[in-house]
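A.B. asks: Fold the following.
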Amino acid sequence: MKRYIAGITVLLSLIVVISVLYFRSIPDDSAFPTVRWNDLVKMDYNTGEAPSDLLEFKDRMVKIPGYIVPLDDDYVVLTEFLLVPNPQACIHVPPPPPHLIVQVKLKNPVPMEEVKNPAWIYGKLEFKTVTSEYGAASYYMEVDRMVPYSKGDKY
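C.D. replies: Below you'll find the model as predicted:
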């Protein structure tokens, strides 16, 4: 009986320690400034020039809401996608202009059944042109976290 209680105590202690470390590793949402699509559209995608208010976000940790367009054919997990400003851009031909597309690489793949549209993405925003079969993107992000966009979210 003492072994059973000791085992449960150790297990509960491990759960508490892991939970504390996990939640401590998730950055506070307020630490990520929100980048809006009306900010991103200000870049001249032909020259790469951007106004100073957009340059404030360059190479910074930010969050952006948008719609997911998967880039791979793996229907089990999502690893890479394009983030676009509206659901019509997901299926629209021709694609939106490059300054309205963010190419995203997830640091940790997400099971497809957990992928929700629209979503918030959190990561470092880079200003670099990346091309795919779906068109060019003026922005690139390696994403640390992705969460569903809720109806009541402030944007």
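A.B. asks: Who does Val102 form a beta bridge with?
C.D. replies: Leu83, Tyr139 (DSSP bridges).
A.B. asks: any chance you could map the helices in this protein?
C.D. replies: 2-25, 37-40, 52-55, 88-91 (DSSP state H).
A.B. asks: Please save the CA atoms from the third one in PDB.
C.D. replies: Listed in PDB are the C-alpha atoms of helix 52-55, where the atom choice follows Å, rounded to 0.1, in the frame of the first residue of the first chain:
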ATOM      1  CA  SER A  52       8.400  52.600 -41.200                       C
ATOM      2  CA  ASP A  53       5.200  51.500 -39.400                       C
ATOM      3  CA  LEU A  54       5.400  48.100 -41.100                       C
ATOM      4  CA  LEU A  55       9.100  47.800 -40.600                       C
END
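A.B. asks: Verify the stated contact: Tyr75 with Glu113.
C.D. replies: No - using CB atoms under 8 Å, Tyr75 is not in contact with Glu113, being 9.9 Å away. Backbone N, C-alpha and C define where each C-beta goes, glycine included.
A.B. asks: Distance of Glu133 relative to Met112?
C.D. replies: Note on Glu133: its distance to Met112, by CB to CB, to the nearest Å, is 19 Å.
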